[in-house]
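Student: My questions concern the predicted model and sequence given below.
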There are 2 protein chains.
Amino acid sequence: MAFLPPHLYDLSHQEKHALLTKLEHTYKSFQEEKLHLDMTRGKPSPEQLDLSLPMLSLVNEKHYKSENHTDCRNYGILDGIPEAKRLFSWILDIPPENIFVGGNSSLNLMYDVLVQAMLYGVPGGDKPWKDEGKISFLCPVPGYDRHFAILEHLGIEMIPIRLGEEGPDMETVASLVESNPSIKGIFCVPKYSNPTGITYSEEVVKAFTKLKPAASDFRVFWDNAYAIHDIDFPGDRLLNVFEEASRHHCEERFYIFSSTSKITFAGGGIACIATGRKNLDALKKHYGIQTIGYDKLNQMRHALFFRERHSLENHMKKHADILRPKKDAVIRILTEQFANLGIVGWTNPKGGYFVSIDTLPGCAQKVVSLAHDAGVKLTPAGSPFPYKKDPKDTSIRLAFSYPSLAEIEKAMEVVSLCIALASLRSMLHSN
Amino acid sequence: MAFLPPHLYDLSHQEKHALLTKLEHTYKSFQEEKLHLDMTRGKPSPEQLDLSLPMLSLVNEKHYKSENHTDCRNYGILDGIPEAKRLFSWILDIPPENIFVGGNSSLNLMYDVLVQAMLYGVPGGDKPWKDEGKISFLCPVPGYDRHFAILEHLGIEMIPIRLGEEGPDMETVASLVESNPSIKGIFCVPKYSNPTGITYSEEVVKAFTKLKPAASDFRVFWDNAYAIHDIDFPGDRLLNVFEEASRHHCEERFYIFSSTSKITFAGGGIACIATGRKNLDALKKHYGIQTIGYDKLNQMRHALFFRERHSLENHMKKHADILRPKKDAVIRILTEQFANLGIVGWTNPKGGYFVSIDTLPGCAQKVVSLAHDAGVKLTPAGSPFPYKKDPKDTSIRLAFSYPSLAEIEKAMEVVSLCIALASLRSMLHSN
């Protein structure tokens, strides 16, 4: 049953107060349930991880040699065995020769590339970024908190850019990037963006390849974390930025990242960078100093598990079947509670790991805090913004993948009540 | 049969020339064999890698949870599962709570720690090392080329320090470190040092804990890569530097590294850093930005393979049994060829992966080049020195682990001939 009546805006001041008292009473009863529910992080559920269990036995006493005869148990091969490159070429639709396969974390690869840029610069640049004085990155918001944490840690200034339903506001991006050489890059999650779930439109993707950056070493960090992570079919189609860039001879502008963290095991996957040849050569030079090589046995495990593109697609459909009822429950409950009320909006992405909520201004933090005190953990409000500052305090990220369906339904009931409470208080306060 | 006669120094000029002609003839016949032998890198042989094959099946559909109930397939735990920390605490004799378990490469951990020091500084320091102007590291020589490559890449000046049979010349180390605040660290391989195979004496280890560095943020990078890698028994005993440092309240001075690269799989092992609590807290802060966590499934595989200290010790004895005949062959052939001739010296370490040869001055490069042209690859002369410059051109590293016994015997015959040739030419030239 909805916590707020459909005619909410017609209620008198007194009626709203009475409703508030009633909701506060319900809230107390939820608190008495002493819940422990968690919708904070986009991590796969145990059921999803079970899908990849057979992979664990594929590398064994008999199978440890790559198709190029490399003994994967030993040192050797910096940039990945051929079959691991091929796997990522299926995921990203990028030629294997443009792919560098790393360890278990694409975030770590992004960090590495940024550190290399800070200490040595990137091809086409004049000097290391650390010697450039103040430099900055554009950050479409809301965005991924871990990207912003790396930029902040490295002292790179973050300039927020509005992320619409088609992607970042490319007019603003172009006008900034083309006029200001201290802007060195932009961080994007182009498909099923974390947290709003939107996918960049063809026009937006094309606009990235048409930029004429003032900085000769401007880079797009294209974190394609959810490249094949559809939940509803047909899923969103993201234009292949690498193909588009090749056509415009600007492949070096893009570092494209992906991983199998949300395909196989979040803690034990493999990750990659795809980019132009000049960038790749520079990467290999740096990585050749930094390490002797990554875990090829785990690369092989993955390649043996996905022997063809088709097996990868089938596998992702199984993920979708697990995730779909959870996402649907979130959307259903939000719809039941708030449809046409005009106090809260939400996204309904066709894939990825998040639903994003837009509250009345000034309410997001209060909702998260109310939920917390009723035993439901949500991602801290502000997290999807640089310096954790959501200027209007309206954005809440809901991660629906990990809890069970029953837990999600309970958590969403609590969250809905908290939204109702915070919204009603806000309305009463502003009257 | 020895290539050089025992009375080499008594030969007349003419006799030496005749001998040279004879050796050159033999060399040509070796060349005609078109050999392809490789003694360049310290990598385990397939037979050694086979010892750990059963490990590959230990994490499977039933076993993927850590003893603390963490699902190792998922995100979570930055610094390693408890059983992986315990494994390294057996290897290093350092409490688990002082250990950070990382990915598959201890070299990458060293790089990370150095990058963190460059960008942010280390506990006890005033500022990031990159803002300190010129800084330098002491480098005991001959040493490990990959350490020097990282330092050179980061623009840290390298000051060579003579490595004797007991370790680095600690009087020189102390006088430099205690007077010069721009010296920020020293790189050590304290046991079965790469390449000479020596182990630091108790006095040398103690001297490290008694240093009073001029730089408050001076650090010892203690790469204990061969901590339990004995070949002859009893092996060398290395004093526990961490225990000693705790007694002198200077644990923060030491970053101690190790890995299972030469225990299980060189490409698919796990690695660690052990250090004081303040350093650990700083490391965790940085790593918490850089990554979400390392591959815990591989950590678990290792912990299940070595369930107790005893199983680890037994395993290392099997490595020793494979390595011993190879090392013995190297030593036997060098002894047969050059005992008491006074033209070449060599080490006979009780463990590790290398035998180190000392030629007549100016001969090392020639020997390596001659061997190369006869189909035997050796580590490039100069590699074990900063900037690849061996001032006297005398040091050659022999890596005996990878080739088969028959290959080693053949390779050492060729190498011996090359040493004989280069030495004889040098003697003739200096007459």
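Tutor: Cool, the structure landed. Numbering: from 1, shown residues only, chains lettered A, B, ... in the order given.
Student: Now the one helix or strand A:Val355 maps to: average pLDDT?
Tutor: Take DSSP states H and E as the rule and A:Val355 turns out to sit in strand A:354-358. Average pLDDT, strand A:354-358: 96.
Student: same thing with stretch A:251-264?
Tutor: For stretch A:251-264, the mean pLDDT works out to 98.
Student: How far does it stretch from one end to the other?
Tutor: By C-alpha to C-alpha, to the nearest Å, the extent of stretch A:251-264 from end to end equals 29 Å.
Student: try stretch A:178-192
Tutor: Start-to-end, stretch A:178-192 (C-alpha to C-alpha) is 27 Å.
Student: and the residue nearest to A:Val344 when sequence neighbours are not counted, what is it in contact with?
Tutor: In space, and not counting its chain neighbours, A:Val344 is closest to A:Phe338: 4.9 Å by C-beta to C-beta, 6 or more residues apart in numbering or on different chains. C-beta coordinates here come from the backbone N, C-alpha and C atoms, glycine included. By C-beta atoms under 8 Å, 6 or more residues apart in numbering or on different chains, the contact set of A:Phe338 is A:2, A:4, A:344, A:346, A:416, A:419.
Student: separation between A:Phe338 and B:Lys410?
Tutor: To B:Lys410, A:Phe338 is 80 Å away according to C-beta to C-beta, to the nearest Å.
Student: Buried members of the contacts of A:Phe338 into ChimeraX, please.
Tutor: Here is the ChimeraX command that selects the buried residues among these (16 or more other C-beta atoms under 10 Å in any protein chain shown):
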select /A:4,344,346,416,419
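Student: Redo the contacts of A:Phe338 as CSV? Include secondary structure and pLDDT.
Tutor: CSV is the format used below for these (DSSP: H, G, I helix; E, B strand; the rest coil; pLDDT from 0 to 100):
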residue, secondary structure, pLDDT
A:Ala2, coil, 94
A:Leu4, coil, 96
A:Val344, coil, 96
A:Trp346, strand, 97
A:Ser416, helix, 98
A:Ile419, helix, 98
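Student: nearest to chain B, of the contacts of A:Phe338?
Tutor: A:Trp346 (24.9 Å; C-beta to the nearest C-beta).
Student: Hmm, that closest one is touching A:Ser356, no?
Tutor: Yes. Using C-beta atoms under 8 Å, A:Trp346 is in contact with A:Ser356, at 6.7 Å.
Student: Pretty sure A:Leu417 sits in a helix.
Tutor: Yes. Counting by DSSP: H, G, I helix; E, B strand; the rest coil, A:Leu417 falls inside a helix.
Student: Quick check: it touching A:Lys28?
Tutor: No. Counting by C-beta under 8 Å, A:Lys28 is not a contact partner of A:Leu417; they are 10.7 Å apart.
Student: Between these two, point out the one with more neighbours.
Tutor: Between A:Leu417 and A:Lys28, counting by other C-beta atoms under 10 Å in any protein chain shown, A:Leu417 is the more crowded of the two (24 against 10).
Student: Quick check: the gap between the more buried one and A:Val367.
Tutor: 10 Å.
Student: Quick check: which element contains the residue nearest the centre of chain A?
Tutor: Nearest to the geometric centre of chain A sits A:Asn194, at 3.4 Å (C-alpha atoms, centre = their mean). Assigned by DSSP H and E, A:Asn194 falls within no helix or strand.
Student: Now do the same for it: its pLDDT.
Tutor: On the pLDDT scale, A:Asn194 is placed at 94.
Student: thinking again about what came up before, what's the per-residue pLDDT of the residue nearest to A:Val344 here?
Tutor: 97.
Student: now do A:His429
Tutor: A:His429 carries a pLDDT value of 85.
Student: count of residues packed around it?
Tutor: Count around A:His429 with other C-beta under 10 Å applied: 8.
Student: Give me the distance between it and chain B.
Tutor: For A:His429, the distance to chain B (C-beta to the nearest C-beta, to the nearest Å) stands at 38 Å.
Student: cool, A:Arg146 as well?
Tutor: Distance from A:Arg146 to chain B, by C-beta to the nearest C-beta: 7 Å.
Student: what is the rounded mean pLDDT of whichever strand or helix holds that residue?
Tutor: Following DSSP H and E, one finds A:Arg146 within helix A:145-153. Average pLDDT, helix A:145-153: 98.
Student: C-terminal to that helix, what's the next element?
Tutor: Downstream of helix A:145-153, the next assigned helix or strand under DSSP H and E is strand A:157-162.
Student: who touches that next one?
Tutor: With C-beta under 8 Å, 6+ apart, strand A:157-162 has contacts from A:134-141, A:148, A:151-152, A:168-169, A:172-173, A:176, A:183, A:186, A:385-387, A:391.
Student: repeat that with 7 Å
Tutor: The contact list for strand A:157-162, computed with C-beta atoms under 7 Å, 6 or more residues apart in numbering or on different chains, reads A:134-141, A:148, A:151-152, A:168-169, A:172-173, A:176, A:385-387.
Student: Ok, stretch A:23-31 next?
Tutor: A:3, A:373-374, A:414, A:417, A:420-421, A:424.
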